[in-house]
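[1] Model the structure of this input:
(one chain, ligands or ions: 2)
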Amino acid sequence: MSTPVTGSVPPDHHPARDRDPRSESGSSVARGQISHPQLHPGLEDERTTGSPVLEEAVLSVRDLNIVYEVGDGVHAVKDASFTLRRGEILGLAGESGCGKTTLAYGLNQLHRPPARIIDGSVVFHDRDDGRDVDVLALEGPQLRTFRWSKVAMVFQGAMNSLNPVLNVRTQLEDVLTTHRPQLSREDRRRRCGELLELVGVERSRISAFPHELSGGMRQRVMIAMALALDPQLMIMDEPTTALDVVVQREILQEVLRLRQELGFAVVFITHDLPLLLEISDRIAVMKAGRIVELDTAENLYFEPTSSYTRRLLGSFPSLTGETGDFVRAGFGEADPPAGGDDAGRTASPDQEEAG
Ligand SMILES: Nc1ncnc2c1ncn2[C@@H]1O[C@H](COP(=O)(O)OP(=O)(O)O)[C@@H](O)[C@H]1O
Ligand SMILES: [Mg+2]
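    Ligands and ions are numbered 1, 2, ... in the order given. You can find the predicted model right below:
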């Protein structure tokens, strides 16, 4: 029951294994389509140096339903379905309480009671051995290994979850000792140094204790730990929300570069829609537990089909208002969706709300 299974994925959600996995042609996910360099000058270059997004899927989520079994019950995630491609950044947007974190945790069974997955499937398509893993059937040591080595998670408070009495080296090495016991001590040390450099922290900081590092550096160390076993998917839940804007930018730039270099996919959660529009290949908008829209960042911006997405876009003055650098820098002559009215491309702002 807890062993990986094959062939349990509906055909329409199966990775396109018969295609050349390196081929990018035909992908509906194109990079660099949205360009607003004035707003975030550093991020632009990273985005446009060739798409690392492959046609092949890394994760298929089908009709996922998660409830909190309290009182009358809270149906926090309703029929969530999406397919994540290798190397793709999928942004997850939506107001506080709409179910983003619950969905993210459900993807690798990090949810805890009273949360319970009542329906649906999560299938991970492993690049290493070509097998499909029924994630929701994993348990015990298999699940723990899966979480570190296949799908890694970085969340908002992560930087505060470093152990205050252990230095960075000990904590990084611990991951490798547990999951790569065959590594020699020397190799382990070398890998720890490499990982720190990878995330832009000087090797010399390896003997530092968490309190000797800034918040941004601690979050970088957490990202290094998440990357230690070369995961194929990173789930990042508000990973930079607690950091100041400059540090947030720097870290995101690092994540974009690493994604380019290492080819992992990312589920990136934030309530900061302008940020998501910039870094994501596609964006899923959630409302009251449901994904109400899922499209490329560009389509979502220019032609939102959900009135909720339009309202969300309209709630960010930087996207629509007088001082909108984002609009002026990136979207040229085209009309951005105006907030609160029906200036978007679809006919009626409320017609699709049902269901
Ligand atoms: N431990 C819990 N017990 C009961 N309800 C919860 C619990 N955690 C979250 N919820 C509810 O589930 C819904 C989704 O929450 P969450 O996934 O945290 O949203 P988001 O991350 O989008 O802010 C909310 O209505 C929230 O109140
Ligand atoms: Mg959350």
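[2] ok, and for the longest helix that the chain contains, which residues are buried?
    If you go by DSSP state H, the chain has its longest helix at helix 245-262. Buried residues in helix 245-262, counted by 16 or more other CB atoms under 10 Å: 247-260. From N, CA and C alone the C-beta is placed, and that goes for glycine too.
[3] what residues are up against the closest residue to Arg169 other than its chain neighbours?
    Closest residue to Arg169 apart from its sequence neighbours, by CB to CB, 6 or more residues apart in numbering: Ile206 at 4.6 Å. Residues near Ile206 by CB atoms under 8 Å, 6 or more residues apart in numbering: Asn167, Val168, Arg169, Leu172, Cys192, Gly193, Leu196.
[4] tell me the SS of the fourth one?
    Recorded secondary structure, Leu172: helix (DSSP: H, G, I helix; E, B strand; the rest coil).
[5] how much space between the spatially most central residue of the chain and ligand 2?
    Nearest to the geometric centre of the chain sits Val267, at 1.6 Å (CA atoms, centre = their mean). Val267 sits 12 Å away from ligand 2, going by CB to the ion, to the nearest Å.
[6] who touches that residue in this structure?
    By CB under 8 Å, 6+ apart, the contact set of Val267 is Leu84, Leu90, Leu92, Ala104, Leu107, Leu233, Met234, Ile235, Met236.
[7] Can you give me the pLDDT of Arg328?
    For Arg328, the model assigns a pLDDT of 29.
[8] what does the one 3 residues further on give?
    According to the per-residue confidence, Phe331 scores 36 in pLDDT.
[9] again, but for Met159
    pLDDT recorded at Met159 is 80.
[10] Using the three-state scheme, assign it.
    Of the three states, Met159 takes helix under three-state DSSP.
[11] Just give me the neighbour total for it.
    By other CB atoms under 10 Å, the residues close to Met159 number 24.
[12] Would you tell me what helix or strand the nearest residue to it once chain neighbours are set aside is located in?
    Spatially, and ignoring its direct neighbours in sequence, Met159 is nearest to Arg218 (3.6 Å; CB to CB, 6+ apart). With elements taken from DSSP states H and E, the one containing Arg218 is helix 215-227.
[13] Just the mean pLDDT for that helix, thanks.
    93.
[14] How about it, which residues are buried there?
    When burial is assessed from 16+ other CB under 10 Å, helix 215-227 yields the following buried residues: Gly216, Met217, Arg218, Gln219, Arg220, Val221, Met222, Ile223, Ala224, Met225, Ala226, Leu227.
[15] tell me the contacts of the third one?
    In other words, Arg218. By CB under 8 Å, 6+ apart, Arg218 lies in contact with Met159, Asn160, Leu162, Pro210.
[16] CSV please, covering those residues and showing distance to ligand 2.
    Formatted as CSV, the contacts of Arg218 follow (distance: CB to the ion, whole Å):
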residue, distance to ligand 2
Met159, 16
Asn160, 16
Leu162, 21
Pro210, 23
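[17] Give me the buried entries from the residues you listed.
    Among the contacts of Arg218, the ones that count as buried by 16+ other CB under 10 Å are Met159, Leu162, Pro210.
[18] what sits against the spatially closest residue to the last one that is not a sequence neighbour?
    This means Pro210. In space, and not counting its chain neighbours, Pro210 is closest to Leu162: 4.3 Å by CB to CB, 6+ apart. Neighbour list for Leu162: Val168, Gln171, Pro210, Arg218, Val221, Met222 [criterion: CB under 8 Å, 6+ apart].
[19] at 7 Å what do you get?
    By CB atoms under 7 Å, 6 or more residues apart in numbering, the contact set of Leu162 is Gln171, Pro210, Arg218, Val221, Met222.
[20] On the three-state scheme, Glu293 is what?
    Under three-state DSSP, Glu293 falls in the strand class.
[21] remind me which residues of this structure are low pLDDT?
    1-49, 318, 320-355 (pLDDT under 70).
[22] Mind jotting down where the strands sit in it?
    For the chain, strands defined by DSSP state E occupy the ranges 57-68, 74-85, 89-93, 115-125, 132-134, 151-155, 233-237, 265-269, 282-287, 290-296.
[23] Quick one, which of those strands gets closest to Leu183.
    Taking CB to CB, strand 151-155 is the member of these nearest to Leu183, at 18.1 Å.
[24] ok so, going back, name the nearest of the buried ones among the contacts of Arg218 relative to Ser51.
    The closest of the buried ones among the contacts of Arg218 to Ser51 turns out to be Met159 (CB to CB; 30.1 Å).
[25] List the residues that contact the closest one.
    By CB under 7 Å, 6+ apart, the contact set of Met159 is Gly215, Arg218, Gln219, Met222.
[26] same for ligand 1: which of those are within range?
    Checking these against ligand 1 by CB under 6 Å from any ligand atom, not one of them is in range.
[27] between those residues, which is closest to Ser149?
    Distance to Ser149, by CB to CB, is smallest for Met222 among those, at 16.4 Å.
[28] Could you measure from that closest one over to Val168?
    Applying CB to CB, to the nearest Å, the value for Met222 to Val168 is 10 Å.
[29] got it, and Met159?
    In terms of CB to CB, Met159 sits 12 Å off from Val168.
[30] what about the residue lying closest to Arg86 once chain neighbours are set aside, neighbour count?
    Nearest residue to Arg86, sequence neighbours excluded (CB to CB, 6+ apart): Leu54, at 4.1 Å. Neighbour count of Leu54, defined by other CB under 10 Å: 24.
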